[in-house]
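1. Quick check, what structure comes out for this input:
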Amino acid sequence: MLKKKIITLLRQTLKDLDISLDDISVDYPASAQHGDYSTNVALAAAKKAGKNPMELAEKIVENLGVKNKELQLFNEIHVAKPGFINFWIASDSLLDSLNYSFKHDNEVKDKKIMVEFAHPNTHKAFHIGHLRNITTGESIVRLLEVVGAKVIRANYQGDVGMHIAKCLYGILQNPTHKTQILKITDVKERVDFLGKAYASGSKSFEEDDKAKKEIAEINKKIYAKDSSIWELYQTTRQWSLDYFDEIYKRVYTHFDKYYFESMVYESGKKNVLIGLEKSVFKKSDGAIIFPGSKYGLHDRVFITSEGNPTYEGKDMGLAPLQFKDYHPDLIIHLVGPEQAGYFQVVFEALAQLFPEIKGKERHQSYGFVNLKHGKMSSRTGNVILGEWLLDEAKKKILESYDISDEIAEQVAVGAVKYSFLKVGLNQEIAFDLEESISLQGNSGPYLQYAYARTQSILRKGKEESIKGKENLNLKSEERDVLRLLSRFPEIVEEAATRYAPNVLCTYLFELAQAYNLFYQKFPILKAEDDAKNFRLLLTIKTGNVLKDGLELLGIKAPQQM
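-> Predicted coordinates for the structure are as follows:
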C-alpha cells in the first residue's frame, strides 16, 4: 500500500537524520492541489528534537529525493508552511497499485476475534435498533476477515427472564390460547401474536400488582422448567428463532455460534458463588453484588435476593464458555451505549474471577435509531420493526423505479443498510426513508447505480490492456479516480482496525462521485485508442472496487438498475 511505503521511507529518512519518532502520520489532503498524501512528520519530529520544522522538512525532502531517484515513486515532493510535506505519486505507481491485496501486516491479522452481535431477545420484536446492530456487526465481520483476522460470528440472545414471563402471561390471559397457537402457522403472524401478548403483559405488570406477582411466578416456572408452562415456552421460543432466521437470511447474515441466557444462567450463578467465597463478590441485603466502587466503578447486583442470576450474573457463565469454545484473542460485544457502565463492571468482575481473560473483551457501542417522526418503545407495543422498514423501502423503490422485484429487494436492503453504516457508530440516526432510497446524494442506491453504470459500459466495450501507459496524458478527472482507486486497500484496513464501516462508506461515495464526474466529461467507448484503453481500465477497476466495497458493507451490487 502506498501509505505504508511512504511511512517506511519516512522512518528510514528519520533514522538517517538520527531522529527517532514513534508515530508517523500520513494523511490524505483535503484538496488534490496539496498532493496525494501529506505528513506532519517534520512538525512532530522538530518539536521533539528542538529543531526548526521548515528546515527539518527540507532535509527530509532532500533525503527522500535521493531515495526516489531509484524508486520513482513520487512525481513531486513539496514542503508547505509551517512544515508539512506533500507528496504527488507517479502515475505508474498509482497504476501498479490497482491490483490490490488486503493481506498486509496490521494489528488484527491472524488474530482470532469473536464478534458478538444481533442479540434479539425471543418473545420480543426485532426492531430497527436490532437492524442497525446486525448491519454494523456484519460489516465489521467482513472487514476483519478480509484484512486477515480469523473471525467467529456469535449471537447472544435472551431466552429466559421477565420479558418472557410477561409475554406468556399475556398469552395465558386468553383462555383459548392453546387453540389460537395451533391455528397460527405463518411466521409473521406468530411474531405479531407474541408482540401483542408481550405488550399486554408489560402493561399488566406495571398497572396490576396481582398480575405482577403472577408474572414473577411464571418467571420462576420457566427457570424450573415447570411442566405447566414448559411446552408453551418452548413453542413460542422457537417461533421467535424461526422469525429471526428469516431476517438473518434477508440481510445476508449467518452465525457460527448461538449463545442463550438459558445456557449460562446456572454456570453464571455457580461462578458468582465461587467468587463470593473468594471475596470477589459480597452479600448486600440478601443479594450478591460486585463491589465496583472498590475499582472506581459502581456496585451491581449479580444474584438477586431470590437467588436468581441477573444479566450480570449470566455473563459470568457466558464469558468462560466463549473462551473455552473458541479461545479468542478478543471478543467484541456490539451493544448500545446505554450498557457502557454495565460492561465496565462486568469486565472488571470477569477480570477478578478469570485473570487470564483480562483485556480480551471490548464493548463496541453504537447510537440509537429512530424515524424522524417518532421513537420506539417495545414496552407499549409501539415498536418500529426492522422488517417493516425493509418492506417500506422496497415498496417505495418499486413505486419509484422500473426494476424487477429481485433487484428492488437488493436495493432496499442496500438502502437501509447504507443509511446505518455511513454514520459514525456512536452517532444517533434519525432515519429518512426518502433520502435512503434516493439515486442522488450519499445513499446505497447511488453507489449501486454507479456500479451498474460501469457494467453497462463494459458490456458495450471490451476489456483491453493499456498500451504505452508511460505516454498517457491524464486529465485531472482521470487522475482523481485513479488516485482514489489506489487508496482502497488502505481505506479497508483503516475501516477494519477502527471498527468503522463509515470510513469505507465515505470513500465509496467519493469514488462514485469522482467516476461520475469523469464519465460526464469524457467519452469512453468513442475515445482514441490509448485513451479508450485506459478509460476502460479505469471503468473496470472502479466497478471492481465499488462491488468489493459494497460486499464488505454487506450490500449486493446489481449488474443493472
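
2. from here on, contacts and neighbour counts on C-alpha atoms
-> Noted.

3. can you tell me which residues contact the residue nearest to Val26 when sequence neighbours are not counted?
-> Using C-alpha to C-alpha, 6 or more residues apart in numbering and skipping the chain neighbours, the partner closest in space to Val26 is Thr39 (4.6 Å). Residues in contact with Thr39, defined by C-alpha atoms under 8 Å, 6 or more residues apart in numbering, are 24-27, 84-86.

4. again with Tyr326
-> Contacts of Tyr326 by C-alpha under 8 Å, 6+ apart: none found.

5. Looking at the contacts of Thr39, spot the one nearest Tyr507.
-> Distance to Tyr507 across the contacts of Thr39 (C-alpha to C-alpha) is lowest for Asp27, with 13.7 Å.

6. Would you confirm that that closest one contacts Ser38?
-> Yes - with contact defined as C-alpha atoms under 8 Å, Asp27 counts as touching Ser38 (5.3 Å).

7. Among these two, which residue is more densely surrounded?
-> Ser38 (24 against 12; other C-alpha atoms under 10 Å).

8. any idea how far Arg409 lies from Gln455?
-> That one is not Arg; residue 409 is Glu. Note on Glu409: its distance to Gln455, by C-alpha to C-alpha, to the nearest Å, is 20 Å.

9. Mind jotting down where the strands sit in the stretch 401-550 of the chain?
-> Secondary structure of the stretch 401-550 of the chain (DSSP state E, counting those that start in this stretch): strands located at 429-431.

10. The chain now?
-> For the chain, the strands defined by DSSP state E cover 26-27, 37-39, 74-80, 84-89, 112-116, 150-157, 257-260, 282-284, 287-290, 300-303, 330-334, 361-364, 369-371, 429-431.

11. among those, which gets the worst mean confidence?
-> Mean pLDDT values for the strands of the chain show the minimum at strand 369-371, a mean of 81.

12. Where in this protein is the helix or strand with the lowest mean pLDDT?
-> Ranked by mean pLDDT, DSSP states H and E, the weakest helix or strand in the chain is helix 177-183, scoring a mean of 78.

13. neighbouring contacts of it?
-> Ile171.

14. just how off-centre is that helix within its chain?
-> 40 Å (C-alpha atoms, centre = their mean, to the nearest Å).

15. for the stretch 451-561 of the chain, what spans make up the helices?
-> With helices called from DSSP state H, counting those that start in this stretch, the stretch 451-561 of the chain shows them at 476-486, 488-497, 501-521, 529-552.

16. can you put these in a markdown table and add mean pLDDT and distance to Gly386?
-> Formatted as a markdown table, the helices of the stretch 451-561 of the chain follow (pLDDT from 0 to 100; distance: least, C-alpha to C-alpha, whole Å):
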| stretch | mean pLDDT | distance to Gly386 |
| --- | --- | --- |
| helix 476-486 | 95 | 34 |
| helix 488-497 | 96 | 25 |
| helix 501-521 | 97 | 20 |
| helix 529-552 | 93 | 21 |
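
17. which one of those lies closest to Asn370?
-> Proximity to Asn370 (C-alpha to C-alpha) singles out helix 501-521 among these, at 18.6 Å.

18. Show me which positions of that closest one end up buried.
-> 501-505, 507-516, 518-519 (16 or more other C-alpha atoms under 10 Å).

19. just stretch 63-78 next, same as before
-> 63-65, 68, 73-74, 77-78.

20. what residues are up against Ile289?
-> Per C-alpha under 8 Å, 6+ apart, neighbours of Ile289: 281-283, 299-303.
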